[in-house]
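Chemist: Below are the sequence and a predicted model for it; my questions follow.
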Amino acid sequence: MYDVVIIGAGVTGSAIARYLSRYQVKACVLEMSEDVCTGTSKANSAIVHAGYDAENGSLMAKYNVEGSVMMPDLAKELDFDYDMCGSLVVCLSEDDRPALVKLYENGVKNGVKDLEIIERDRLLELEPNIADNAVAALWAPTGGIVCPFGLTIAFAENACENGVEFFFNEKVTEIQKTEGGFLVKTENNEYETKTVVNAAGVYSDVFHNEFASKKIHITPRKGEYLLLDHATYGYVTHTVFQLPGKYGKGVLVTPTVHKNTLVGPTATDIEDKEGVNTTQEGLQEVIDKSALALKNVPVRQVITSFAGLRAHEDSHEFVIGEIPEAPGFFDAAGIESPGLSSSPAIGLHVSDMVAEKLGLEKKADFKAERKGIIKAGDLSLEERNELIKKDPAYGQIICRCESVSEGEIIDAIRRPLGAKSLDGVKRRVRAGMGRCQAGFCSPRVMEILSRELDIPLSEITKSGGASKIIVGTVKDSL
Amino acid sequence: MEVRNLTCINCPLGCQLTVELENGEVKSVSGYTCKRGDTYARKEVTNPTRIVTSSVKITDAVSKETMVSVKTAQDIPKGKIFDVVKDIKDVTVKAPVYIGDVIKADVAGTGVDMIATRTVI
Amino acid sequence: MEKYNIVIIGGGPAGLAAAASAYDAGERSILILERDVKLGGILNQCIHNGFGLHTFKEELTGPEYAQRYIDQVLERKIEYRLNTMVMDISPEKVVTAMNKSDGMFQIDAKSVILAMGCRERPRGALNTPGFRPAGIYSAGTAQRLVNIEGYMPGRKVVILGSGDIGLIMARRMTLEGAEVKVVAEIQPYSGGLKRNIVQCLDDYGIPLKLSHTVVDIQGKERVEGVTIAEVGPDMKPIPGTEIHYECDTLLLSVGLLPENELSKQAGVELSRVTSGPVVNESLETSVPGVFACGNVLHVHDLVDYVSEEAAAAGRNAAAFVRGELSGDTSGEIPITFEGGPRYTVPCTLDPKKMTDTLTVRFRVGAVMQDRWVNVFLDDERIVHRRRQIMAPGEMEEVVLKKSQFENHPDLKSILIKVEEA
């Protein structure tokens, strides 16, 4: 019997697992995919919003601001990539200035620190490529950028290290109310638990609606992005938004923590909860809209495009807390932007709610710190040689675009909740994330996966399930 | 008179050849820049041939390589290409293998040997 | 810090030929740094035939061609280090490299020859819409899986792009048991050699659809289908022309790009057209003593030309080390062009420094029929050669003789002019 079953190993589920692991608890996370961070959490703007945008008084505002404040210390504690680069909301017309002022005032009310409205000359100093018609901007120095995989994986690994179990390829099919709590059924197993946390992203309405009388409705809202080559790094040095319109925040242009430039997203409501395909229209829209607030956006230097789905609830508000009709069933649903920014705060508060319900005691030996994978490329020559002497695998480059060594890849596979697929390796150490998009390194990473996991090369997948890379041997069908 | 237009495949120039045939017999070839083009055109319209390249399994290589590349030592009739590939389907050789070593003699009864194109030790 | 007179970055066809020729020019302090487990570079996986007709007057496969040059390097006992990744080249020509046994180390080089080759353009660069499942490979990745590892990356294949590797892989996959359904090419002409269209596609009845591109990729885990459509002159898909193919694999052969990350670190000026270094007649880059050759300089159609160019780079690097290559760039005359060429290699020429003959290579931007290729030294036409057909997929060359420059002591312009015949 579990105390807690968390559904979903995205950033929300993983954050809740991590903060829950501060308590003496028997908890597990059930994830339908083969790895953490495979849904909404892996394909988004990778932004830590300062918190001026969400409507004052909303849960979104509360959790966003709190999460944003937690992020710098958390990045040190859990060792993930984060940079408080600051963000700008650019106002392109004097007619829009009232909206800019309103945004500023909303931010101040939300408790966002150091907000300022800056005029064109100062804006131009911060971002020389800003559009000629930009008149002013909201400057939020506490806005930041984060590695969404790094954040999610850090939460999950730390939770795992503190005793939370993770089960992958476990798609929850049914949840039954029982006398002592719930019976959570997956395609292969059953889990008895006292409480359930619903962090199922775009599927969270399905589980909520089984128990709640007040129904919710999640629409997968597709956002398409372009990721630009390292050569474009520095084109913008802050996250540049346009004043929000009807569909959220429009198209932003931002540096990433990995020294790329990211452009997007679109906002298209779709039906398919797995519909992460990009479209011709969507990609064109990103290109067109990026040119509104900035000049000569280097979109030609795109290395990949992708789409992610936000779990948009009709009310455009987080659905967080215990369902009154189903004591012990907690929601963390409708987590769309600013969900990534809010995740530490959601994790903290939801875990506290569950702990209070169960009367959990804090753990004396909770390990708050987690060490990430060594970034060998950041070491000095002497440090690197020390490392190679200890483990020669750090002297062998596998991914040449991102300079990822064999040692880093092996660590990504061997550590708790390690990578099991090419995409798993990519999210942890960036092998295959560079400009050749895995053309060169994928056969080599496959060999390492095969060796480390002791499975034949033919079983290696891109991202679990049926995503096999090779289908047979030469001449086998002749 | 039948006229056939071909692209010479002997070298990357890819000369455009024109062959005039009468009752299956070559009357003239034009468009080539070297002698090989003339020879190719005459052969291509009567008995087209190709070099076949592929690879076969290799065991016991110090380098841990598992495949060694091979080719037909001479060109073989075009119609026999798949017979050749099928004939080496189950061939496994043991390292070391040197460039030029015969991997399969008289492959698919063509009278041509399949030889190694790489040295694997 | 270790010191070598010449450090060659890359042990593929360019690096090997450069090393052998630098040796033959009298240089003995040469080191080749190669990132792979063996010398030979990408030729090791190009197991098809068609290499070496120019150089050896016989038709070799890639590995055989590579072996000829590997043997030259071995016979000359030229030093090389395998599994060694070069991490940085400084403008002062300090080369930082790394491998498992030596760790990270630095070499002080008098001269550096860039011979890193090129890489394939990925799907991302095309903004191809659709899902991102398994089953999408660059043609070169598939080539490695099939030829080196012996694995089939798929059974039913659509190929986007008619570059040579794509055409070659259409045949290789077919011979190994796959069904290649179509090759789609966005341009109105093929990017590959004509002979490869004949012997890789026509021989096996594989259709080539020009002016077509992929407009959708289906399948969430593994590719399940691909939709292609015809494109108009603006390269945009024409609605209503979509054709759907059921397949499990999409191979991309959509172009090669010189791999110049290290060149940039060394401060080498790059051409916006070729993405390779800007070089003078000595194949020397904007950084004195740094030379470039092979596909890192500009993407070649034939390895024979790579070897030839690399040999020149090797000789010139040796001359530089001996102090025979003047650092005076005041005599450099830009090679200009009109009527078709997109670029030339070299970009400039100093008649005082040129060898007895100098090959200038270029590519045209569109298919052109029946043209004159002219070279003018100021007003004098020194080359007048007729070409039946010129295509972007194939490299063109003109050979200039030093003697032709003797009448032009005050030469101002060198012009390559392509005209309709």
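Modeler: That came through fine. A quick note: this is a predicted structure, and the numbers were derived from the prediction, not measured.

Chemist: Can you classify C:Phe320 as helix, strand or coil?
Modeler: When classified by DSSP: H, G, I helix; E, B strand; the rest coil, C:Phe320 comes out as helix.

Chemist: okay but it is in contact with C:Ser111, surely?
Modeler: Yes - here C:Phe320 reaches C:Ser111: they are 5.1 Å apart, a contact under C-beta atoms under 8 Å. C-beta: built from backbone N, CA, C; applies to glycine.

Chemist: quick one: which of those two has more around it?
Modeler: Per other C-beta atoms under 10 Å in any protein chain shown, whichever of C:Phe320 and C:Ser111 has more neighbours is C:Ser111, with 28 against 24.

Chemist: what sits opposite C:Leu361 in the beta ladder?
Modeler: That one is not Leu; residue C:361 is Arg. Under the criterion DSSP bridges, C:Arg361 forms beta bridges with C:Val345, C:Glu397.

Chemist: Please report how far it lies from A:Ser41.
Modeler: To A:Ser41, C:Arg361 is 50 Å away according to C-beta to C-beta, to the nearest Å.

Chemist: neighbour count winner among the two?
Modeler: A:Ser41 (29 against 20).

Chemist: Please name the residues that touch that one.
Modeler: A:10-12, A:148-149, A:152, A:201, A:340 (C-beta atoms under 8 Å, 6 or more residues apart in numbering or on different chains).

Chemist: Could you do C:Glu308 as well?
Modeler: C:17, C:54-55, C:359.

Chemist: rerun that using 10 Å as the cut-off
Modeler: C:17, C:21, C:54-55, C:293, C:300, C:302, C:359, C:361, C:397 (C-beta atoms under 10 Å, 6 or more residues apart in numbering or on different chains).

Chemist: Give the phi and psi angles for the residue in chain B that chain C sits nearest to, as a check.
Modeler: Taking C-beta to the nearest C-beta, chain C has its nearest neighbour within chain B at B:Gly14, 3.1 Å off. For B:Gly14, the backbone dihedrals (degrees, to the nearest 10) come out as phi 60, psi 50.

Chemist: If you tally nearby residues, what's the number for it?
Modeler: Residues near B:Gly14, counting by other C-beta under 10 Å: 21.

Chemist: I figured it hits C:Asp164, correct?
Modeler: No - at 11.9 Å, B:Gly14 does not count as touching C:Asp164 under the criterion of C-beta atoms under 10 Å.

Chemist: Would you map the helices across the chain?
Modeler: Just so you know, I chose chain A. A:11-20, A:59-78, A:97-110, A:120-126, A:148-161, A:204-211, A:280-293, A:339-358, A:381-390, A:406-414, A:422-429, A:442-453 (DSSP state H).

Chemist: ah, I was thinking of chain C
Modeler: C:13-24, C:53-56, C:62-75, C:139-143, C:164-175, C:194-196, C:261-265, C:303-321.

Chemist: Any regions of chain B where pLDDT drops low?
Modeler: Applying pLDDT under 70 to chain B picks out residues B:12.

Chemist: Let me see the ranges of the strands in it.
Modeler: B:2-7, B:16-22, B:25-30, B:49-50, B:53-59, B:67-72, B:76-77, B:92-94, B:102-104, B:114-116 (DSSP state E).

Chemist: same deal with the stretch 101-250 of chain A?
Modeler: Remark: strands assigned in the stretch 101-250 of chain A by DSSP state E, counting those that start in this stretch are A:116-119, A:136-140, A:144-146, A:165-167, A:172-177, A:182-186, A:190-198, A:218-228, A:239-242.

Chemist: In TSV, list those strands along with distance to chain C, mean pLDDT and mean neighbour count.
Modeler: Formatted as TSV, the strands of the stretch 101-250 of chain A follow (distance: least, C-beta to the nearest C-beta, whole Å; pLDDT from 0 to 100; neighbours: other C-beta atoms under 10 Å in any protein chain shown):
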stretch	distance to chain C	mean pLDDT	mean neighbour count
strand A:116-119	34	98	14
strand A:136-140	29	97	25
strand A:144-146	20	98	25
strand A:165-167	20	98	18
strand A:172-177	19	97	16
strand A:182-186	19	98	19
strand A:190-198	24	98	22
strand A:218-228	7	97	24
strand A:239-242	21	96	27
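
Chemist: Out of these, which gets nearest to C:Pro233?
Modeler: strand A:218-228 (24.8 Å; C-beta to C-beta).

Chemist: what number of residues lie near the residue of chain C found nearest chain B?
Modeler: Closest residue of chain C to chain B, C-beta to the nearest C-beta: C:Lys194 (3.1 Å). For C:Lys194, the count of nearby residues is 20 (other C-beta under 10 Å).

Chemist: So it sits against C:Ala391, correct?
Modeler: Yes - using C-beta under 10 Å, C:Lys194 makes contact with C:Ala391 at a distance of 8.0 Å.

Chemist: any common contacting residues for the two?
Modeler: B:Gly14.

Chemist: Nearest residue to A:Tyr19 in space, please, no chain neighbours.
Modeler: Excluding its sequence neighbours, the residue lying closest to A:Tyr19 (C-beta to C-beta, 6 or more residues apart in numbering or on different chains) is A:Ser351, at 3.8 Å.

Chemist: can you pull the contacts of the residue nearest the centre of chain B?
Modeler: Residue closest to the mean C-alpha point of chain B, counted by C-alpha atoms, centre = their mean, is B:Ile51 at 0.6 Å. Going by C-beta under 10 Å, 6+ apart, B:Ile51 touches B:71-76, B:81, B:112, C:48-50, C:59, C:61, C:199.

Chemist: if you set the cut-off to 7 Å instead, what comes out?
Modeler: Shown in contact with B:Ile51 (C-beta atoms under 7 Å, 6 or more residues apart in numbering or on different chains): B:71-72, B:75, C:49.

Chemist: Which residues of chain A lie near chain B?
Modeler: By C-beta under 7 Å from any C-beta of the partner chain, the part of chain A that sits against chain B consists of A:475, A:478.

Chemist: for the stretch 251-400 of chain C, what spans make up the strands?
Modeler: C:256-258, C:290-292, C:333-338, C:341-345, C:348-349, C:357-364, C:368-377, C:380-390, C:396-401.

Chemist: List of residues touching the last one?
Modeler: Contacts of strand C:396-401 from elsewhere in the structure, counted by C-beta under 7 Å, 6+ apart, are C:356-364, C:373, C:375, C:383, C:390, C:416.

Chemist: let's go with 10 Å and repeat that
Modeler: C:281, C:301, C:305, C:308, C:335, C:340-341, C:344-345, C:349, C:351, C:354-364, C:368, C:371, C:373-375, C:377, C:382-383, C:385, C:387, C:390, C:414, C:416, C:418.

Chemist: can you check the fourth one too?
Modeler: With C-beta under 10 Å, 6+ apart as the contact definition, strand C:341-345 has outside contacts at C:271-274, C:276-279, C:283, C:292-293, C:297-298, C:300, C:309, C:334-337, C:359-366, C:373, C:390, C:392, C:395-398, C:414, C:416-418.

Chemist: What sits closest to residue 176 if chain neighbours are left out?
Modeler: Defaulting to chain A. That would be A:Leu183: by C-beta to C-beta, 6+ apart, it lies 4.4 Å from A:Gln176.

Chemist: Switch to chain C, please.
Modeler: In space, C:Glu176 is closest to A:Val474, 4.3 Å off (C-beta to C-beta, 6+ apart).

Chemist: Please verify my assumption that the one you found contacts B:Val70.
Modeler: No - A:Val474 lies out of contact with B:Val70 (C-beta under 10 Å); the separation is 12.0 Å.

Chemist: who touches the closest residue to A:Gly334 other than its chain neighbours in this structure?
Modeler: Distances taken as C-beta to C-beta, 6+ apart put A:Glu313 closest to A:Gly334, at 3.1 Å, once the chain neighbours are dropped. Residues counted as contacts of A:Glu313 (C-beta under 10 Å, 6+ apart) are A:204-205, A:208, A:216-219, A:319, A:333-336.

Chemist: List only buried entries from those.
Modeler: Listed as buried from the contacts of A:Glu313 are A:204-205, A:208, A:216, A:218-219, A:319, A:333-336; burial here means 16 or more other C-beta atoms under 10 Å in any protein chain shown.
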